[in-house]
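just need the structure, nothing else, for what follows:
(2 chains)
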2 protein chains.
Amino acid sequence: MRLTRYFLPVLKETPSEAQIASHRLMLRAGLIKQASAGIYSWLPLGYKVLKRIEQIVHEEQIRAGHIPMLMPTLQSADLWRESGRYDDYGQEMLRITDRHGRDMLYGPTNEELITDIFRSHVNSYKDLPLTLYHIQWKFRDEVRPRFGVMRGREFYMKDGYNFDLTKEDALHAYNRHLVSYLRSYERMGLQAIPMRADGGPIGGDYTHEFLVLAETGESEVFYDSEITDMKFGDRAVDYDSVDQCQAVLEEFTSRYARTDETHEEALFNDQVPEARRRSARGIEVGQIFYFGTKYSEAMGATVVTPDGGRVPVHMGSHGIGVSRLLGAIIEASHDEKGIIWPEGVTPFHCGIVNLKQGDAAADAACESLYAALTAKGLEPLYDDRAERAGAKFATMDLIGLPWRITVGPRGLEKGVVELTSRRTGESEEMSPEAAVDRIAQIYS
Amino acid sequence: MRLTRYFLPVLKETPSEAQIASHRLMLRAGLIKQASAGIYSWLPLGYKVLKRIEQIVHEEQIRAGHIPMLMPTLQSADLWRESGRYDDYGQEMLRITDRHGRDMLYGPTNEELITDIFRSHVNSYKDLPLTLYHIQWKFRDEVRPRFGVMRGREFYMKDGYNFDLTKEDALHAYNRHLVSYLRSYERMGLQAIPMRADGGPIGGDYTHEFLVLAETGESEVFYDSEITDMKFGDRAVDYDSVDQCQAVLEEFTSRYARTDETHEEALFNDQVPEARRRSARGIEVGQIFYFGTKYSEAMGATVVTPDGGRVPVHMGSHGIGVSRLLGAIIEASHDEKGIIWPEGVTPFHCGIVNLKQGDAAADAACESLYAALTAKGLEPLYDDRAERAGAKFATMDLIGLPWRITVGPRGLEKGVVELTSRRTGESEEMSPEAAVDRIAQIYS
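Take a look at the predicted model:
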């Protein structure tokens, strides 16, 4: 993309309403614009990152054998009356009346709707196991929306639901989700630690939250410092293998890691040597639940068993906060100049800065780099504006592309351009061809 | 995808509420399930088609130089009061009050919101031309939702907005949209005819609707029969060329083609020789508008001109009904057995039917076909159920994959499988390798 043909409205001044870094930077870098309280438009650059995150979530859910579908944003209140949650949910549920006076709501979650789909179409244990998921906009009418997309009202979330014949099978589904979540967050450049959590209004004894450590996190967390050394890496896990998934769960949840909701000081002191005890703040970016037959019993979601009986299915629900992740990633990865996108979610693979727009050699070199990168399936953002170098660098630093190629007449006389890492600030001179190869290798 | 691991709830009986073929077939083939009146869940197979259509729309909009972004589903009523449409829109607008008593609405369209984004960030003619678009869920509180996704309440739509300095530039944007729409529909296997339309509540003198001819269409249409012979084909159009885009507009709109809203019988008789006069029914699948400064004046969306003045921008809006297109495609392409997907939007590239599940040779041949197709980047749907051949054929015919490979012990003894076209019903025997190559070639 050429910047002169793009829509990237960066702000010079920091908007006064933004209290935390991610909110400030998302506004300043032209990622979002507030439409109304807690509701945002995703400007082109922000939309691209949102799509990259969504794509990672899709790929990892499909890899785990979970099936994508899509439920609507608005739901009938009747289903929520069946489960008993219509009255329980309180003022965070946005209630709507349509022109015929029917009670509806903007879905904050989808247990009822997916259970209704299941009971309408599935009748036999032979159709299990089954995990369906979708990524859809949801609404939670927060009393005080703040922190930008971190605590907005309209938010984009992946929620998946497993249906299994037995508790044992459902716990395997739980473990599959844990594995797929670890993979997803790592691909986004995030370390998200599974912590024992509280069931809350969805219910459930088995539940873990995934938290990204960040000073601005809403939760206080307590953990064994060994946890931050753990990596999922690129190990191969067979999602059909109960043992392999269970082993990952045990590996990643055996050490003490809890939010303040479930923290037990005595246990913490007992289990973790003092030198490894840590307390910090964390941002919740996902949660997995096993809640058994809570919804299937209330809503009659049963299957015929091998011996001809009929039992309610065991269920769980599993969420990743897709829009919130942009905020979390920025909280975990920025500096005083702006955002630093991890390669896995960057909106463009690299920037091209032309130090002297209008100079024939510089223009030609930039066009040639642009074409070579594009031919390799990469998306560069070429700053082809007639601006000073300083302004171009400031924009690139603010929007946080991980790599920048700087092209100027002086370098070209020597046959070189400069490749700069946004994260380290380190630059290296090399031929344009070598820069293209390096970038291609980084993303391969 | 292996069918035993998928969720494809086909119905044996035709649901009584469905009055038209596409609605019946979408329910029977397990594409959708009604969640409440005029609101649908997209089951896995329907979701895949929805995504294919969305992807074509994205690719063609980006090719035309239009920039993707995303606006929220809920909007503040205040913006609609500024444009004067809040009171005009009537009961089809779903009005919502949040917990603080603020008036909101579920966006039926986005002229106000995009104009607000524009006026906040764009100040100079130098930032023009600019066309932004998004694909997002919208809501129209139809008094009598019917025909499934064709006239639903919650619907998925692409809407794009151009901002230009002059009427001339805005008409070029109009033409770009016309070209990109012709390309998009053809890629979906549809012939959608641009017809002179009525501006309706959005306003505008220049407007064309795109209609797909189908018996169940809601509009009566009148046209010169030469139009149905026209094809856009794979011609190269330079979207920056005013002349090239104008030529396409003239070529595709010079012949008489109007809906009943704009039809003039005398003109029709005068312009079209009797033998070429046709009247039929059509389904509207898109509309383009140029409406000048209607919103920019009302909302103060102005830019500085080259001579230092300030003028309201010229705008247009351009929509494609993404979810509705599934219905339109099925209306245009089905038979008594089921759906016939065009290759461009099919949820899976081909089906594999194993005539004798459990037979070692048949199972191995199917697995090998599955692997070979997948290795070529294709997605097959393998019916690996322990069902009779007749039931497998019926399912494949119902869900409408354009190509089917049938594998059985008898054919394998001769070294052949059978490749069948869903559209023509014609079958051909060939080696498994040849079948894979043929499928790959069809989709290349």
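
in chain A, which segments are predicted with low confidence?
Within chain A, the ranges that satisfy pLDDT under 70 run A:199-205.

now the helices: where do they sit in it?
A:21-28, A:44-63, A:77-83, A:85-88, A:111-121, A:167-187, A:242-253, A:265-271, A:294-299, A:322-332, A:360-375, A:389-399, A:409-413, A:432-443 (DSSP state H).

touching chain B at all, the second one?
Yes: against chain B, helix A:44-63 shows contacts by Cβ under 8 Å from any Cβ of the partner chain at A:44, A:46, A:47, A:48, A:50. (C-beta placed from N, C-alpha, C; glycine too.)

can you count the residues close to the residue nearest to the last one when sequence neighbours are not counted?
Yep, that's residue A:50 we're talking about. Sequence neighbours aside, residue A:42 is the residue nearest to residue A:50 in space, at 5.7 Å (criterion: Cβ to Cβ, 6 or more residues apart in numbering or on different chains). Residues within reach of residue A:42, counting by other Cβ atoms under 10 Å in any protein chain shown, total 27.

residue A:424 too?
8.

also residue A:126?
With other Cβ under 10 Å as criterion, residue A:126 counts 13.

do residue A:219 as well
17.

correct me, but it touches residue A:262?
No: in terms of Cβ atoms under 8 Å, residue A:219 does not count as a neighbour of residue A:262; the distance is 10.6 Å.

contacting residues around the residue nearest to residue A:50?
A:31, A:32, A:50, B:69, B:70, B:71 (Cβ atoms under 8 Å, 6 or more residues apart in numbering or on different chains).

rebuild those residues as JSON lines, extending it with neighbour count and distance to residue A:344.
Putting the contacts of residue A:42 into JSON lines (neighbours: other Cβ atoms under 10 Å in any protein chain shown; distance: Cβ to Cβ, whole Å) gives the following:
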{"residue": "A:31", "neighbour count": "31", "distance to residue A:344": "17"}
{"residue": "A:32", "neighbour count": "25", "distance to residue A:344": "20"}
{"residue": "A:50", "neighbour count": "23", "distance to residue A:344": "14"}
{"residue": "B:69", "neighbour count": "22", "distance to residue A:344": "22"}
{"residue": "B:70", "neighbour count": "22", "distance to residue A:344": "20"}
{"residue": "B:71", "neighbour count": "25", "distance to residue A:344": "26"}
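
out of those residues, give me the two with the largest separation.
Among the contacts of residue A:42, the pair separated by the greatest distance (Cβ to Cβ) is A:31 and B:71, at 13.8 Å.

per the record, what domains does chain A have?
Domain ranges of chain A: A:3-339, A:350-443, per automatic domain parsing.

count the neighbours of residue A:371 for me.
Neighbours of residue A:371 using other Cβ under 10 Å come to 12.

same deal with residue A:218?
14.

I figured it hits residue A:283, correct?
Yes: counting by Cβ under 8 Å, residue A:218 touches residue A:283, with 6.8 Å between them.

overlap of the contact sets of the two?
With Cβ under 8 Å, 6+ apart, residue A:218 and residue A:283 have common neighbours residue A:150.

before we move on, back to that, export the helices of chain A to TSV and tack on distance to residue B:432?
Shown next, in TSV, are those (distance: least, Cβ to Cβ, whole Å):
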stretch	distance to residue B:432
helix A:21-28	52
helix A:44-63	26
helix A:77-83	47
helix A:85-88	52
helix A:111-121	33
helix A:167-187	33
helix A:242-253	33
helix A:265-271	58
helix A:294-299	43
helix A:322-332	41
helix A:360-375	34
helix A:389-399	50
helix A:409-413	54
helix A:432-443	36
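
please identify the most buried of these.
helix A:322-332 (a mean of 27; mean count of other Cβ atoms under 10 Å in any protein chain shown).

report the angle between it and helix A:21-28.
Computed by axes from the mean of the first three to the mean of the last three Cα atoms, to 10 degrees, the angle separating helix A:322-332 from helix A:21-28 equals 110 degrees.

what sits up against helix A:322-332?
A:20-23, A:25-26, A:31, A:46, A:49-50, A:53-54, A:57, A:135, A:147-150, A:152, A:155-158, A:188-191, A:212-217, A:283, A:285, A:321, A:339, A:341-342, A:345.

repeat the analysis, applying 6 Å as the threshold.
A:22, A:25, A:49, A:53-54, A:148-150, A:155-158, A:212, A:214, A:216, A:283, A:285, A:339 (Cβ atoms under 6 Å, 6 or more residues apart in numbering or on different chains).
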